[in-house]
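Colleague: Could you look at this predicted model? Sequence included:
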Amino acid sequence: MRIFVAGATGAIGRRLVPLLREAGHQVTGTTRTERGVALLRELGATGVPVDVFDRDALVTAVAVAEPDVVVHQLTALSGGSPVDNALVRREGTRNLVDAAGAAGVRRIVAQSISWAYEPGDAPADEGTPLDLSAGEPRSVSVGGVHALETAVAELDEHVVLRFGTFYGPGTWYSRDDLFGRKFRAGEFAANEGVTSFVHVDDAAAATVAALGWPSGPVNVVDDEPATAHEWAPVFAEAVGAQAPWRTTGRAPWERGARNALARGRGWEPRFPSWRKGFTELG
C-alpha cells in the first residue's frame with residue numbers, strides 16, 4: 001500500500017517508517033526540516049517538508065502522494081507544552097483530515113493517548129468516556145484529544161491508537177531526556193497515581209498492525225499498569241539515579257488503561273511490562 005505518515009521523524013515515526021518499508025509499503029512522510037527529509041530518504045521513504053498548519057501545502061502533499069492510508073503521528077512534544085500539543089491535535093488534525101478527504105483517502109490511523117479518560121479506580125478500557133468535564137490545565141490536553149478523535153472519525157475507516165506513556169529512545173522517559181535528567185537531579189516525587197507505559201518500538205509495531213484493524217479506539221499499553229511507587233525505583237536504577245522520594249495520593253484520573261482489545265487483535269508487545277523494558281534503557 002501507499003502510506004502517508006504525517007510526523008514521520010518523531011519518536012514513533014522514525015521507528016515506524018522502517019517497519020512499513022519492511023512490510024513492502026511505499027511510504028511518504030512529512031517533516032519540518034531538510035534534515036528530516038534526508039533521514040527519511042535514508043530510511044527508504046520519500047520525505048516532504050511541510051508545516052501541518054499550512055493547510056494548502058498539506059492538501060497538495062497528500063494529493064501528490066496518492067495514499068491508500070494516512071497515518072497521523074503529529075505531536076509538539078519536543079518543547080514540552082501541552083498547549084502547543086493540543087493545537088496540533090486540533091488544527092493540525094483538522095488540516096490532515098481535510099487533506100485526506102480531498103485526496104479520496106478512506107482510512108486513517110491516528111495517535112492519541114490513554115490517560116484522557118474520566119476519573120476512576122480501575123484501569124480504563126475503550127468504553128470509558130473521556131474526561132470532558134476536567135478543569136484546567138487538564139482540559140487543554142483532553143480537549144485536544146477529543147478534537148483529534150472527533151475529526152478522524154469523519155473518514156470512513158478510522159483507528160485511534162490510545163497509546164500509553166512512551167518510553168525508550170527519543171522519548172521523555174529515556175536516560176538522557178526529560179525524566180532521565182529529572183530523576184538524576186532528584187526532581188521527581190513518586191505518588192500513588194497509576195501509569196500505563198508502552199515502549200516506542202511496541203507502539204510502532206501496533207501502528208503497522210492497525211492498518212488492518214476495525215475502526216474505533218484501541219488502548220496500546222503494556223500489560224502492567226503501575227503506581228509510581230512501583231515503577232519509579234526501577235526507572236531510577238535504569239537511568240543511574242537514586243530512587244525518588246515517595247508521596248501519597250493521586251489525581252483521580254491517574255488510573256492506567258487495559259490492553260485487552262489490542263491483545264485480542266493479535267498485538268504482542270516485545271516488552272509486555274515496563275519492568276523488562278526499563279532495563280534496556282542504558
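Modeller: Thanks, I have it.

Colleague: Now tell me what touches the lowest-mean-pLDDT helix or strand in the chain from outside.
Modeller: Sorting the helices and strands of the chain by mean pLDDT, DSSP states H and E puts helix 82-87 at the bottom, at a mean of 94. For helix 82-87, the external contacting residues (CB atoms under 8 Å, 6 or more residues apart in numbering) are Thr75, Ala76, Leu77, Pro137, Val140, Ser141, Gly143, Gly144, Ala147. (Glycine included, C-beta is placed from N, CA and C.)

Colleague: what's the lowest-pLDDT member of those?
Modeller: Lowest in pLDDT among the contacts of helix 82-87 is Leu77, which has 75.

Colleague: where does the chain dip in pLDDT?
Modeller: Filtered on pLDDT under 70, the chain yields the residue ranges 79-80, 282.

Colleague: burial count for Thr150?
Modeller: As a burial measure, Thr150 scores 13 neighbours (other CB atoms under 10 Å).

Colleague: who touches it in this structure?
Modeller: By CB under 8 Å, 6+ apart, Thr150 has no neighbours at all.

Colleague: which residues touch Val37?
Modeller: Val37 sits in contact with Thr31, Gly47, Val48, Pro49, where contact means CB under 8 Å, 6+ apart.

Colleague: Pull out the buried residues from those residues.
Modeller: Thr31, Gly47, Val48 (16 or more other CB atoms under 10 Å).

Colleague: Can you pull the phi/psi pair for the second one?
Modeller: With angles defined as degrees, to the nearest 10, Gly47 shows backbone torsions of phi -90, psi 140.

Colleague: what's the answer for the first one, then?
Modeller: When quoted as degrees, to the nearest 10, the phi and psi of Thr31 stand at phi -150, psi 160.

Colleague: Tell me what it is bridged to.
Modeller: With DSSP bridges as the criterion, Thr31 is bridged to Pro49.

Colleague: what sits against it?
Modeller: Here Thr31 is in contact with Ala8, Thr9, Val37, Leu39, Leu40, Gly47, Val48, Pro49, Val50 (CB under 8 Å, 6+ apart).

Colleague: From what I see, the fourth one and Gly47 are in contact.
Modeller: What that stands for is Leu39. Yes - if you go by CB atoms under 8 Å, Leu39 and Gly47 touch, sitting 7.3 Å apart.
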